[in-house]
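> attaching a predicted model along with its sequence, questions to come.
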Number of protein chains: 2
Amino acid sequence: MSDTPPTRDSKTRTALLDAATRLMLDEGYAAVTTRKVAAKAGVNQALVYYHFRTMDELFLAVFRRGAEASLQRLDDAARADDPLRALWQVSSEPQNSALTVEFIALANHRPAVRTELADYTRRFRLRQQEIIERVRDDRNADVPEGPTPAAVTVLAAALARILSMDGAIGITDGHDEVLALVEDYLLRSSPRP
Amino acid sequence: MSDTPPTRDSKTRTALLDAATRLMLDEGYAAVTTRKVAAKAGVNQALVYYHFRTMDELFLAVFRRGAEASLQRLDDAARADDPLRALWQVSSEPQNSALTVEFIALANHRPAVRTELADYTRRFRLRQQEIIERVRDDRNADVPEGPTPAAVTVLAAALARILSMDGAIGITDGHDEVLALVEDYLLRSSPRP
DNA sequence: GTCTATACTTCGATAGAC
DNA sequence: GTCTATCGAAGTATAGAC
């Protein structure tokens, strides 16, 4: 506890996180090595270990930054005119899903990442679910048919990810049809003006 | 062309493919190294290079073996009593989705894998789509509502994968609700006896 | 087909000067 | 905070004996 910890909001630290994120998206998590990250950030390799003591901590820092941003966007969506549509826009941000898939693969051999990913996923879905329920209650409507809020959160995550994964390998067949289903749901659930 | 190529159906070759597959499922694709694969198969490291000249070829061989098996199961499903339910069973085999996710992550930095994965995905979905259309035509029914066959193939892949990915990190919330939706679709589309 | 031995590369991580 | 220098481990791949 006598060490001076590196600054939480340092220019270099941010550059390293940006570099690691870009590497994950462009070349996959296996391309995230201290050397490549440092090179992309324009600093020395050893400096990575000053800001993040291990690779695990670097990955966790990348993950947490993205997770906090996503939860923040969720709260913004809750206050949008059409919250359900805003929720879908947050979920379907392509970068979001692409990064998540990399972290899921990473979680396979990094227990610390798995724990963090599971915690975040639960929080994200639960918050999403609350928003969906609130929208439903606000219209104190007769919402008989259609999937439950819990199912909707899983469906949204599933669709967002398949669109992202397919896109990564150049597949788009059936995507328009699926997006039409989403649009259909949003229109059926949207506030009548 | 003067080299004697290794036997296509060799005991060792199969053991190596099994070992690589298990490693991918248990520890992620990054754990698939010639040393670990050889150790798990109980043979020498250099032997991997006799059966597969490079890591790329090893990964492709693992992929192709699984892909051929899946396409075969698709054909079997086409002849089942309830083809749609059989299709869902093939898609939702947990191993299937888990392996696919690893290959998607791999495709990110192995172009050869990406090409192969894209080709296979197209063939799989197209074949699935044909089966769905045939089932629909057989009952020459009035199938007005519900998603198109192309959308169904994407939905099935999306749901199978999210269930698998969630399961890998210990998340099951909302899964029952989603499975109930699938069951609902299958019952609505199943042959009335 | 299977092995030993080894060349070469890259990785994570640390020590210590500035 | 940032750098140079370096260690040891692990990776891909090859040569050659059996």
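Happy to help now that I have it.
> hang on, isn't A:Val152 packed against A:Glu133?
No - the criterion here is Cβ atoms under 8 Å, and A:Val152 misses it with A:Glu133 at 10.0 Å. Heads up, the C-betas are built off the backbone N, CA and C, glycines and all.
> neighbour count: these two, which is higher?
A:Val152 (23 against 14; other Cβ atoms under 10 Å in any protein chain shown).
> show me where chain A has its helices.
Applying DSSP state H to chain A gives helices spanning A:11-27, A:34-41, A:45-51, A:55-78, A:83-91, A:94-107, A:111-138, A:149-168, A:175-189.
> what lies in contact with the fourth one?
Helix A:55-78 has contacts (Cβ atoms under 8 Å, 6 or more residues apart in numbering or on different chains) with A:16-17, A:20-21, A:24, A:29, A:32, A:34, A:37, A:48, A:52, A:83, A:86-87, A:89-90, A:96, A:99, A:103, A:106, A:110, A:112-113, A:116-117, A:120, A:123-124, A:127-128, A:131, A:134.
> what about that helix, average pLDDT?
Helix A:55-78 shows a mean pLDDT of 98.
> what is the neighbour count of A:Phe63?
Neighbour count of A:Phe63, defined by other Cβ under 10 Å: 23.
> domain parsing for chain A?
A:1-53, A:57-189 (automatic domain parsing).
> output those domains in a markdown table; the columns should cover distance to DNA strand C.
What follows is the domains of chain A, written out as a markdown table (distance: least, Cβ to the nearest atom of the strand, whole Å):
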| stretch | distance to DNA strand C |
| --- | --- |
| domain A:1-53 | 3 |
| domain A:57-189 | 8 |
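> just name the most buried of those domains.
Highest mean neighbour count of the domains of chain A: domain A:57-189, a mean of 18 (counted as mean count of other Cβ atoms under 10 Å in any protein chain shown).
> does any part of that one sit near DNA strand D?
No - applying Cβ under 7 Å from any atom of the strand, one finds domain A:57-189 separated from DNA strand D by no less than 11.0 Å.
> how long is that domain end to end?
Distance between the boundary residues of domain A:57-189 (Cα to Cα, to the nearest Å) amounts to 42 Å.
> where in chain A is pLDDT low?
Confidence mapping of chain A against pLDDT under 70 gives the ranges A:1-5, A:140-144, A:191-193.
> spatially central residue for it, please.
For chain A, A:Asn96 is the residue whose C-alpha lies nearest the centre (Cα atoms, centre = their mean; 4.0 Å).
> out of the helices of chain A, which is closest to B:Leu159?
Closest to B:Leu159 of the helices of chain A is helix A:149-168 (Cβ to Cβ; 5.4 Å).
> could you say what helices and strands that closest one packs with?
helix A:83-91, helix A:94-107, helix A:111-138, helix A:175-189, helix B:94-107, helix B:149-168, helix B:175-189 (3 or more Cβ pairs under 8 Å, 6 or more residues apart in numbering or on different chains; DSSP states H and E).
> list the contacts of A:Arg35.
Shown in contact with A:Arg35 (Cβ under 8 Å, 6+ apart): A:Gln45.
> separation between it and DNA strand D?
According to Cβ to the nearest atom of the strand, to the nearest Å, A:Arg35 and DNA strand D sit 9 Å apart.
> measure A:Ser70 to chain B for me?
With distances taken as Cβ to the nearest Cβ, to the nearest Å, A:Ser70 is found 16 Å from chain B.
> I misspoke; the intended subject was A:Val62.
16 Å.
> my read: A:Gly174 touches B:Ala157, true?
No - counting by Cβ under 8 Å, A:Gly174 sits too far from B:Ala157 to count as a contact (9.1 Å).
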